[in-house]
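J.: I'll drop the sequence and a predicted model, then ask my questions.
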Amino acid sequence: MTELEKIYRTYFDDVYLYIRRLSGDENIAEEITSEAFFRAMRGLSTFRGDCDIRVWLCQIAKNCYYTHLKKSKQMNRIDDVEFSELPSEESTIEEQCMKHEEAARIRAVLHNVSEPYKEVFMWRVFAELSFKQIGQIFGKSENWACVTYHRAKTMMKSRLEGKSYEK
């Protein structure tokens, strides 16, 4: 058995369970875990041994998962745009313009929020992850994720109301 096969057999379940917990989806976990091991195989020569190989593999898997989320969000945005451009019987053109302006304003404010606040806010609001899951992504506690999210929310609210709250 080669070194790669040993690594695969030893750590596959750990990486799979980590991504399954992160994604909440067995199919996505299988796909991401396979992709992560493929990338790890290509980059094994770059592994310096500064950390446990399990941590290294989970980091690769987490990055694969982030990439997957970005791609799927882009596809969802395309679908949303197609439907949002259809005129609604309930809303007037003025109401639609106001909604678009408010959405653009929120995006601009979010874009200017510093890390890790922006990323925690996005994981909580857009990906609907629990504080426990967010804490795991950052290697922090559930409480840290909760506090960071609420600080981000306060920053967003203050900036949207025109108050300056820099962090």
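T.: Alright, I've got the coordinates. Predicted model, so just to flag it, every value in this text is computed and none were measured.

J.: Please make it C-alpha for all contacts and neighbour counts, starting now.
T.: Will do.

J.: give me the low-pLDDT residue ranges for the protein?
T.: Along the chain, segments meeting pLDDT under 70 span 1, 74-97, 100, 127, 163-167.

J.: Output the residue ranges of the helices in it, listed in chain order.
T.: In the chain, the helices defined using DSSP state H lie at 3-23, 26-43, 53-84, 93-111, 117-125, 131-138, 142-160.

J.: Give me the neighbour count for residue 37.
T.: The local packing of residue 37 (other Cα atoms under 10 Å) involves 22 other residues.

J.: just use 29 as the starting number from now, easier for me
T.: Noted, 29 is the first residue going forward, which turns the last one into residue 65.

J.: from what I can see it touches residue 85, true?
T.: Yes. Contact criterion Cα atoms under 8 Å: residue 65 and residue 85 qualify, at 7.4 Å.

J.: what residues are up against residue 133?
T.: residue 188 (Cα atoms under 8 Å, 6 or more residues apart in numbering).

J.: State the distance from it to residue 139.
T.: 10 Å (Cα to Cα, to the nearest Å).

J.: ok, now residue 43?
T.: From residue 43 over to residue 139 the distance is 31 Å, taken as Cα to Cα.

J.: Comparing those two, which shows the higher neighbour count?
T.: When neighbours are counted by other Cα under 10 Å, residue 43 comes out ahead of the other of residue 43 and residue 139, with 28 against 10.

J.: and the gap between that one and residue 152?
T.: 23 Å.

J.: Which positions within stretch 176-192 qualify as buried?
T.: 176-177, 179-181, 183-184, 187-188 (16 or more other Cα atoms under 10 Å).

J.: err, stretch 126-138, not the other one
T.: Within stretch 126-138, the residues that qualify as buried are 137-138, counting by 16+ other Cα under 10 Å.

J.: what's the answer for stretch 161-178, then?
T.: Of the residues in stretch 161-178, 161-165, 170, 172-174, 176-177 count as buried by neighbour count, 16+ other Cα under 10 Å.

J.: closest to residue 95 among these?
T.: Nearest to residue 95 among the buried residues of stretch 161-178: residue 165, at 14.0 Å, using Cα to Cα.

J.: Sort out which residues of stretch 48-68 are buried, please.
T.: Residues of stretch 48-68 classed as buried: 48, 50-51, 56-58, 60-65, 68 (neighbour count, 16+ other Cα under 10 Å).

J.: which residues are in contact with that stretch?
T.: With Cα under 8 Å, 6+ apart as the test, stretch 48-68 has contacts from 36, 40, 43-45, 47, 85, 88-89, 92-93, 96, 161, 165.

J.: Noted, bye for now.
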